[in-house]
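>>> dropping a prediction and its sequence here:
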Amino acid sequence: MKTNYRLVLSLLLLTGIFFLWVSPSWALFNRGGELGVGTRAMGLAGAFVAVADDPTASYWNPAGLAQLPQPEILGTYGSYFNDKDRNVYFSFEMPLKKDIHIGISTNNLFYTDIPGSHEDQYTASLAMPLDFQSDHRFFAGLNVRYLFADTGSAGQGTIEGVAVDLGVLFKQPLDKDMQLNAGLVLTDLTTNIRFDQTGVEQGIPSVLTPGVAFYFDPNTLLAVDVPWTLDNDVLLNEQNVRIRSGLEHWFLDGRLGLRGGFTSFLTLPGDFSLGASYRNQQWSVEYAFMTHSDNLGNSHRLSVAWDFEGGPPQPKPFIVESYVGDQKIYLKWDIPQGSHADGYYVYLRTDADTDYRRAKQQTLTGNYCLLRGAQNGVRYHIFIRSVVGTEEKYRCDDWVTEPRPMSDDARHFYDAGLQSFNANDLPAALFSARKAEEVDPNNYEIKDLLRKLETTHHEGLVPEGESK
C-alpha cells in the first residue's frame, strides 16, 4: 500500500551502500522499486500505478481501490536482499454505498542484522469514482499514513511521522478488447518525520509517479511507471527519475498468471523481476522473485488473497467479439467460467451524449446482440450489464466502436463470394470471403458470410435485395 517503506527503510537496509545518514530524508525514504509491496505488483517490478486492481492499490495508487467490486483481504510475506530484511504486509478493502471504497493496511519491515529495528506503517485509504455516471472510468483516492520506526541496536532512537498521498486513475476503452489506463500519484504530499533523540524534524521529499497500462486484451497487459522524486538532494546525483516496467499474461481462462519486469535503480544496476499467480474463485496465491546486484542479494515474496463474497466468480461480461457494418454493430461477449447470469442489458451512448441508454429494452437471454440503425461514422461507447435474478449487477468496461460500410475493395471479394456460393461453388466462395476478410477484418457482413460458409449445416445465404 501507499504505506511506503520510506521511513527507516533505506537507512537501515542499505547502510554502507548509500551512507544515507548524511541526508536523513533519503535515509528514511524509499518509494517502491526494490521494496514496494504486493507480490503481483512486484512481479511487474512495481509498474502498478495504472493497474492498481487488487488490495495493494492503496500503496501504489489509492484511486485503484474503487475498481474492486467486493471486500477482499490480502497478506504478503517477503524476504529481501538474502534475508537481510523481512516484511509482513496486510491489506483489507471494502466497497460501501454510492461506490465509495475504504481500505486499511499495515506494513511492517524488520531488519535481521540490526536487533530490535523495524519500520511500521499504518494506512487508511479512501477511493471513489469522480464521474458518478454509469461508465465509471475516472477514479480518485487518498491515503493517510502513520509512520513509526525503531532503530533498535543502531542507537538512533525512534522516528514518527504522518504522510498523505493522492492518486487518480483513468480508464479508456479502445477497439478490439484493448484498453488504455493512465494513473498519476503524488506520494508524501506532506510528510515530516521526527527523531525523538534529537527532536529534529525532517521533511520527506514527494514523489510524483505517472503510469500507463496498455491492455492488449483482458488477459495481457504492458505497464510502465516513471517515478519522479521532487527533491534536489545531492545524493540523487540528478537521478531523480526512474523507470519501472512490466508485462503480464493470464492463461487457463484467467487462472494462471505469469509476469516479468524491470526497474532502474539510482546507484546500482537495474533489477529484473519474475512472478506467477494462481487464482480460483474465492482465493489466490502469488509468488515474485527479484534480482539485485551481488552485494544486495535476491528478494522473494509470497501473497495470499481472499474474496469474502466467495462462491462462483462474478458474471461480469467481457466483450470477445465486436464487428461493424453499414449502420450495424455486432457484439458477442462471455462471462468467467463457472459464473451464471440470467440475462443481459446492452447500454450505449455517442460522444455527443452525456448519459447511456439501453440499446434494447428487453432482457437479452443470449450472449450476443446485433444493433441495427446505428449512424455510420459515429463513435459509440457500449457496455453490457449482466442480470442476476431480477437485478442488474455486474458490468463490463466500456467498449468503443464505429459503424461504417464495407470498403470498396472488400466489397469486390464479398460479392464474388456470394455469387460463388449461390452457384454451389463452396471452395471459391470461401476463398473470396477470406480475401474480403483480409481487406476488411472487422466487418460484420463478411464475418457473417464466413460463419455460414464454414458451418457444415449452414442456414443458406440470400443476396441483398432478394428473399427466400
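Ah, there it is. Numbering: from 1, shown residues only.

>>> what separation do you get for Gly297 and Met42?
15 Å (Cβ to Cβ, to the nearest Å). The C-beta positions use only the backbone N, C-alpha and C, and glycine is treated the same way.

>>> more neighbours: the two, which one.
Ranked by neighbour count (other Cβ atoms under 10 Å), Gly297 and Met42 place Met42 first, with 35 against 14.

>>> where does this structure have low pLDDT?
1-34, 131-136, 154, 176, 232-239, 265-269, 292-296, 309-313, 456-468 (pLDDT under 70).

>>> tell me which residues touch the residue most central in space within it, please.
Centrality entry for the chain: nearest residue to the mean C-alpha point is Val51, 2.6 Å, by Cα atoms, centre = their mean. With Cβ atoms under 8 Å, 6 or more residues apart in numbering as the criterion, the residues that contact Val51 are 41, 44, 60, 64, 181, 211, 213, 221, 223.

>>> from these, which land in strands?
In strands, defined here by DSSP state E, the members of the contacts of Val51 are 181, 211, 213, 221, 223.

>>> Three-state assignment for the residue nearest to the centre of the chain, please.
With DSSP: H, G, I helix; E, B strand; the rest coil as the basis, the three-state label of Val51 is coil.

>>> so what's the residue lying closest to Gly203 once chain neighbours are set aside bridging to?
Leaving aside its chain neighbours, Gly203 sits nearest to Asn192 (5.4 Å; criterion: Cβ to Cβ, 6 or more residues apart in numbering). Here Asn192 shows beta-bridge partners Val162, Gly203, assigned using DSSP bridges.

>>> number of residues surrounding Asn192?
The burial count assigned to Asn192 is 15, neighbours taken as other Cβ under 10 Å.

>>> kindly report the same for Glu445.
Neighbours of Glu445 under the rule other Cβ under 10 Å: 22.

>>> identify each buried residue in whichever strand or helix holds it, please.
Secondary-structure assignment from DSSP states H and E places Glu445 in helix 444-454. Of the residues in helix 444-454, those with enough neighbours to count as buried (16 or more other Cβ atoms under 10 Å) are 444-450, 453.

>>> now stretch 353-361
Neighbour-count burial for stretch 353-361, with 16+ other Cβ under 10 Å as criterion, is recorded at 356, 359.

>>> got the domain boundaries for this structure?
9-307, 318-401, 408-454 (automatic domain parsing).

>>> would you mind finding the most buried of those?
Taking mean count of other Cβ atoms under 10 Å as the contact definition, the stretch among the domains of the chain with the greatest mean neighbour count is domain 9-307, which reaches a mean of 20.

>>> contacts only, for the residue lying closest to Gln67 once chain neighbours are set aside.
Ranked by Cβ to Cβ, 6+ apart and with sequence neighbours excluded, the top spatial neighbour of Gln67 is Asp53, at 5.0 Å. Shown in contact with Asp53 (Cβ under 8 Å, 6+ apart): 64, 67-68.

>>> repeat for Ser125
With contacts defined as Cβ under 8 Å, 6+ apart, the neighbours of Ser125 are 1-2, 58, 62, 65, 93, 101-105, 141-143.
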